[in-house]
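A.B. asks: Structure for the following, please:
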Amino acid sequence: MKDVREEYHAEGLTEASLHDDPLEQARRWVDEAIEAGLPLPNAMTLATVSEDGQPSSRVVLLKGVEGNGFTFFTHYDSRKGSEIAVNPKVSFTMFWQPFDRQMIVIGEAHKVDPEESDSYFASRPHASQISAAISPQSQPVSREWLEEEVERLEKEFPLAPVPRPEQWGGYRIIPTEIQFWHGRPSRLHDRYRYRKQANGDWTIERLAP
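C.D. replies: Coordinates of the predicted model:
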């Protein structure tokens, strides 16, 4: 691994090229990744922290930049959900390798309204609704049990919609800090940090790479 290296060739990122609102800037970068057809352009590595201070991370999918935050959906009784319940402070990273871009968001995660979770759950494919409804996410199970539960629920609900399980829904991460990173030649990267002030305004500063 010591010999694995890749040079970055992205164009320069300047403060003048960034939007005053970091959420709008984030939306633009995600939209550009989607329009370019990048694989999983909305994938984000979400980090949470347990009650005893142990961090854990996993990849989830960003489903919206709205309501002054970033929205994703999951099981509330999963490991991440349990950790958010005791410590809502989270962080996530998105990396778009073909663009040499990285975005880091720090903030707090809070459940969205049940109506919003209902609406998104109903929009999912029928098979995805079934899988979410039967899964005790993060708990030990066998493959056989999962498949049996899928078969059982498919018989009960052969067509959509499947009722949204109470333990499944959305979170919105309200950011206090957002960083935008552009890879540059010789590792002299461009990196900007927005930080939210007490009055709701954002300040921006360049950081050393």
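A.B. asks: Which parts of this protein are helices?
C.D. replies: In the chain, the helices defined using DSSP state H lie at 22-35, 79-86, 114-123, 126-134, 143-156.
A.B. asks: who does the lengthiest strand in the chain pair up with?
C.D. replies: Using DSSP state E, we find that the single longest strand of the chain is strand 168-182. Using DSSP bridges, the strands paired with strand 168-182 are strand 69-75 (antiparallel), strand 101-111 (antiparallel), strand 190-196 (antiparallel).
A.B. asks: what are the C-alpha coordinates of the second one, in PDB please?
C.D. replies: What follows is strand 101-111, C-alpha atoms only, in PDB (Å, rounded to 0.1, in the frame of the first residue of the first chain):
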ATOM      1  CA  ARG A 101     -13.900  16.300  -4.400                       C
ATOM      2  CA  GLN A 102     -14.700  15.600  -0.800                       C
ATOM      3  CA  MET A 103     -17.300  17.100   1.500                       C
ATOM      4  CA  ILE A 104     -17.300  16.800   5.300                       C
ATOM      5  CA  VAL A 105     -20.400  17.700   7.400                       C
ATOM      6  CA  ILE A 106     -20.500  18.000  11.200                       C
ATOM      7  CA  GLY A 107     -23.700  18.500  13.000                       C
ATOM      8  CA  GLU A 108     -26.600  16.900  14.900                       C
ATOM      9  CA  ALA A 109     -29.100  14.300  13.700                       C
ATOM     10  CA  HIS A 110     -32.800  14.600  14.600                       C
ATOM     11  CA  LYS A 111     -35.800  12.500  13.500                       C
END
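A.B. asks: can you give me how far it is from the chain middle?
C.D. replies: With Cα atoms, centre = their mean, to the nearest Å as the basis, strand 101-111 stands 7 Å off its chain's centre.
A.B. asks: ok, now stretch 171-191?
C.D. replies: Per Cα atoms, centre = their mean, the displacement of stretch 171-191 from the mean C-alpha position of its chain is 15 Å.
A.B. asks: go on, stretch 166-175?
C.D. replies: Its chain's C-alpha centre and that of stretch 166-175 lie 11 Å apart, by Cα atoms, centre = their mean.
A.B. asks: what's the average pLDDT for that stretch?
C.D. replies: Stretch 166-175 carries an average pLDDT of 97.
A.B. asks: Give the buried residues for it.
C.D. replies: Burial within stretch 166-175, assessed by neighbour count using 16 or more other Cβ atoms under 10 Å, is assigned to 167-175. All C-beta atoms are positioned from the backbone trio N, CA, C, and that covers glycine.
A.B. asks: And the spatially most distant residue from the centre of the chain, how far from Trp168?
C.D. replies: The C-alpha centroid of the chain is most remote from Lys155, which lies 32.7 Å away (Cα atoms, centre = their mean). Counting by Cβ to Cβ, to the nearest Å, the separation of Lys155 from Trp168 is 20 Å.
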